[in-house]
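A.B. asks: Quick one, structure for this:
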Amino acid sequence: MGTQEGLRKWKLLWWCRHPSWGAGRVRWSWEARVSCLSCCVISDRPAPPWAACPSNLGKGLRGHCGFCRPEPPKVIIGVWPCLPRGPSGSSPVSAHHVPLGPQATRVKRTEQNGGWGCGRIPASAKPLAPCDCSGPRFSLCEMGQQPSSAPSLSVPGEVAPDRDEEEASTKKSNVLATQYGFFTKGRKKGQPSLAETEGEPESSPQPPAQVPTVEELKADLERGRLEAAGPLLALELELQEASPGLASAEELVRLQSKVEALYALLRDQVLGLLRRPLEAAPERLRQALAVLAEQERRDRAAAAAAGPPGCPGLAATRPRGWLQLWRDGVAQAAAERLSRRPAADAEGRTEAERAFLHMGRTMKEDLEAVVERLKPLSPADLRVVAAYAESYHAEFAAQLAALTQSELCPRDTYMLLLWVQNLYPNDILNSPKLSPELQGVRLGTLLPQTQIRQLEATFLSNEVASIRELTARALELELERWTKDEAPQRLDGRCHSELAIDIIQIISQGQDKAESITLDLGTQIKPLLLEELDRFLRSYQRAFDDFLERCRQLRNYRANVIANINNCLPFQTSVEQRWQTRPDLQNSLLRPLNELKSHGFDTLLQSLFGDLKPLFKRFTQTRWDAPQQILEEIVSAVAERMPEFSELQDCFREELLEAVHLHLVKEYITHLCKRRLVLKTAEQQQQLAGLVQANAQDIQQFCTQSGSRATWLHHALPTLAEIIRLQDPSAIKIEVAMYATLYPDFSKGHLSTILAIKGNLSSSDAKSIRSILDINTGAHEPSKALFSLIKVG
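C.D. replies: Here you go, the predicted structure:
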């Protein structure tokens, strides 16, 4: 179509059914070719008066005329029409002109239609402001919202014939309230819906659809339909953008109160669903979370704007703080969940232990449920997992803080530290399901660090006192069994006592309890436990010595002695392997055990050594005439008593046989050093040396076969026999020097008694030989004594 086309006569019969255009059907006709003066397009189609919106209304509302879009235009209430060009022949320009002539559109204002109608616009009307219909489309009806009101369709400088009637009607009915007619009344029966309007063909545009009324929105919200949040938000925005001149302050306040009442209903519905999220349907839960997130975004936008409401007289309603209300509800739910006290169980836990277990289990299960079921439905900006974790953490911490205000027993102190330092951070926060979700959440510790340190000091003190009491009680019970002459247990053919196992378990449990809290606390308690162990071992040794002195007449005396010697093995193993300490501290711990074993061996061997004493005397009494026969009797006497020691642990039986081996060698040397034997010839000396060498071989073979591992005694008698056999002083010096390196406690006195056997040795040679011991051989102090046990004189 071009601008030079001839005039064609058109006639439009338009029946307007929208309430703002009259109570009845108003006939509107136009017989002219029409065009859109904003886009300069001439069309054969007429444009209804509500087809476009001029830019001078403000508030950002824009529309398109009927010529600029292919589909029937959405209804926009309160807009200026792009009026068709009149017969006066005005040319298309970029501004709308009021049509002149008798065919001018007539607009009338009535009470019945809320202040809108049709009346004649005089030909002298001035042109309107330009209309920018090329801007972005905006349709409140498409948003499901009621559009804002429009001013009266009148031209400045010209008064309609029924102006007085219109002013009187305006006083009775507020324009904005009329446009928000859904606050007071619903859609009239027979009015078409929005879907019906959009479904009609373009050639037959229908009147606009109605948005829900206040009663309908209220009913929807009361039924839990959260879809009403969208229209409600649009109402709030329309109210904020309302022009001050469209309604009185009282009317605006009344309208705002209605919007706030609807928001209160929506808030209760949303927060009610989120208060018990796991009981709600997933889709409803998703809607509630979406509404909450949208409200929080609006609150942040309002806070960023930091300005008064768009319309003076309206109160500031944002921020509404729904997010904080939701967080408060989460905190309340956490308090309700964690504050429940479980009933007593059959495992004998204390009330505090049951509370810890309940709170920990509840928090872990609830947070895992939030991760699995609530997080997938929630917008990311809500940080729903963090909100729940922070609330549960705060309540957990509050419960523990209240618990620490009362006096805690040692058991509860340990359990409190265990949860604060280990179970809570490791088993709950760092569990496989929760750890990835809580990476950016800083929860901190359940208690302040100063309070944790105080509790740790209390725990250490309590644990040391408990260990001291338990070990003392265990030793007391063991002493009662000894004095009552109770036979010890037999385990694998060995005498057995539970004392060592009990003590080691008590000490180890103290270490394990501390390490279960933190490894650092385990390091702190270790020296304290070793001190208590040393204290116990010294008490144990004193009690055993007292038992050895006072209870010799008891029937089970020897069996209990063996049982206590066997006790040293687990103690020794624990000190050397589990409690790896400095050598000096380890020696300090083992010293009481070594003394206990030594005293026990002396007691067990006392009668045997008493039986051997007269046999050794026969060496000197017979002047070594039959040493081989005497030694055979000695060995036979020892062999007969060996079964008495079979109930010792193998290692201790070997130590006891080493003591027997030492005793045989020591007694043999003692009687050899008696000054009753003097041999003046070399043959006699060689003969004696041969007998000593043979006896040494018999003693070594017997003891080794019996289980002695005292290899350090193998050279004691053979070397003395060699000194007796040698005649050259220089050779004797060499043997003496070597002998002194093997047995550093070999003194000049012992050497003099051996040299006294050699009756052909001059005093000067003897003195020269003895002087060899004055030379420092560099030998260290002997770990085991031999000649220091032999008295000469």
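A.B. asks: and the end-to-end length of stretch 579-586?
C.D. replies: End-to-end distance for stretch 579-586: 8 Å, by CA to CA, to the nearest Å.
A.B. asks: So which bits of that stretch are buried?
C.D. replies: For stretch 579-586, the neighbour count (16 or more other CB atoms under 10 Å) marks 579, 581, 586 as buried. All C-beta atoms are positioned from the backbone trio N, CA, C, and that covers glycine.
A.B. asks: Do me a favour and average the pLDDT over it.
C.D. replies: The average pLDDT within stretch 579-586 is 84.
A.B. asks: And the contacts of it?
C.D. replies: 526, 530, 533, 575, 576, 589 (CB atoms under 8 Å, 6 or more residues apart in numbering).
A.B. asks: hmm, back to that, ok, the buried residues of stretch 579-586 vs residue 438, which is closest?
C.D. replies: The shortest gap between residue 438 and any of the buried residues of stretch 579-586 belongs to residue 579, at 38.7 Å (CB to CB).
A.B. asks: Distance check, the closest one against residue 560.
C.D. replies: 27 Å (CB to CB, to the nearest Å).
A.B. asks: My reading is that residue 490 lies in a strand. Confirm?
C.D. replies: Yes. Secondary structure assignment places residue 490 in a strand (DSSP: H, G, I helix; E, B strand; the rest coil).
A.B. asks: Surely it touches residue 497?
C.D. replies: No. With contact defined as CB atoms under 8 Å, residue 490 does not count as touching residue 497 (10.9 Å).
A.B. asks: Between these two, which is the more surrounded one?
C.D. replies: Comparing residue 490 with residue 497 by other CB atoms under 10 Å, the one with more neighbours is residue 497, at 21 against 12.
A.B. asks: ranges for the strands of this protein?
C.D. replies: For the chain, the strands defined by DSSP state E cover 14-15, 27-28, 34-36, 41-43, 106-107, 119-120, 489-491, 494-496.
A.B. asks: Geometric centre of the protein: which residue is closest?
C.D. replies: The residue lying closest to the centre of the chain (CA atoms, centre = their mean) is residue 425, at 2.2 Å.
A.B. asks: Report the separation between that residue and residue 352.
C.D. replies: With CB to CB as the criterion, residue 425 and residue 352 are 19 Å apart.
A.B. asks: OK, contacts around the closest residue to residue 616 other than its chain neighbours?
C.D. replies: Nearest residue to residue 616 in three dimensions, chain neighbours excluded: residue 667, at 4.6 Å (CB to CB, 6 or more residues apart in numbering). Each residue near residue 667 by CB under 8 Å, 6+ apart is listed here: 612, 613, 616.
A.B. asks: Reformat those residues into JSON lines and put distance to residue 537 next to each item.
C.D. replies: Shown next, in JSON lines, are these (distance: CB to CB, whole Å):
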{"residue": "612", "distance to residue 537": "32"}
{"residue": "613", "distance to residue 537": "33"}
{"residue": "616", "distance to residue 537": "36"}
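A.B. asks: Tell me where the longest helix sits in the chain.
C.D. replies: Secondary structure assigned by DSSP state H gives helix 583-621 as the longest helix of the chain.
A.B. asks: gap between that one and the chain center?
C.D. replies: Centre-to-centre, helix 583-621 and its host chain are 58 Å apart (CA atoms, centre = their mean, to the nearest Å).
A.B. asks: tell me which residues in it are buried?
C.D. replies: Within helix 583-621, the residues that count as buried by 16+ other CB under 10 Å are 586, 588-590, 592-593, 595-597, 599-601, 603-605, 608-609, 612, 615-616, 618-619.
A.B. asks: Could you list the low-confidence segments of the chain?
C.D. replies: Across the chain, the ranges flagged by pLDDT under 70 are 1-211, 242-247, 306-313, 346, 776-783, 793.
A.B. asks: Tell me which residues are up against stretch 641-650.
C.D. replies: By CB under 8 Å, 6+ apart, stretch 641-650 touches 490, 493-495, 558-559, 562, 565-566, 569, 604, 608, 611, 653, 656-657, 706-707.
A.B. asks: Buried members of those residues into ChimeraX, please.
C.D. replies: Listed next is the ChimeraX selection for buried residues among the contacts of stretch 641-650, using 16+ other CB under 10 Å:
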select :494,495,558,559,562,565,566,569,604,608,653,656,657,706,707
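A.B. asks: And residue 508, how close does it get to residue 539?
C.D. replies: 19 Å.
A.B. asks: If you could redo that for residue 216, that was the one I meant.
C.D. replies: Taking CB to CB, one finds residue 216 at 89 Å from residue 539.
A.B. asks: do the same with residue 512
C.D. replies: 23 Å.
A.B. asks: who has more neighbours, these two?
C.D. replies: Set residue 512 next to residue 539 and count neighbours by other CB under 10 Å: residue 539 wins out with 14 against 11.
A.B. asks: Could you pull up the contacting residues of the nearest residue to the more buried one once chain neighbours are set aside?
C.D. replies: Leaving out its chain neighbours, the residue that sits closest to residue 539 by CB to CB, 6+ apart is residue 475, at 6.3 Å. Under the criterion of CB under 8 Å, 6+ apart, the neighbours of residue 475 are 499, 536, 539, 540, 543.
A.B. asks: what does residue 568 give?
C.D. replies: Residues counted as contacts of residue 568 (CB under 8 Å, 6+ apart) are 500, 593, 596, 597, 652.
A.B. asks: switch to 7 Å and redo it
C.D. replies: By CB atoms under 7 Å, 6 or more residues apart in numbering, residue 568 lies in contact with 593, 596, 597.
A.B. asks: What is the nearest of those to residue 363?
C.D. replies: Nearest member of these to residue 363, counting by CB to CB, is residue 593, at 48.9 Å.
A.B. asks: Spatially nearest residue to the closest one, not counting backbone neighbours?
C.D. replies: The nearest residue in space to residue 593 (CB to CB, 6+ apart) is residue 568, at 4.6 Å.
A.B. asks: Next, work out how far apart that neighbour and residue 423 are.
C.D. replies: In this view, residue 568 and residue 423 are 38 Å apart by CB to CB.
A.B. asks: burial measure for residue 295, as a count.
C.D. replies: Residue 295 has 24 neighbours, counted by other CB under 10 Å.
A.B. asks: Run through the residues that contact the closest residue to it other than its chain neighbours.
C.D. replies: In this structure, residue 295 finds its nearest non-sequential neighbour in residue 322, 4.6 Å apart by CB to CB, 6+ apart. When contacts are counted by CB under 7 Å, 6+ apart, residue 322 touches 267, 292, 295, 296.
A.B. asks: Would you mind measuring from the third one to residue 386?
C.D. replies: Read that as residue 295. From residue 295 to residue 386 the distance is 19 Å (CB to CB).
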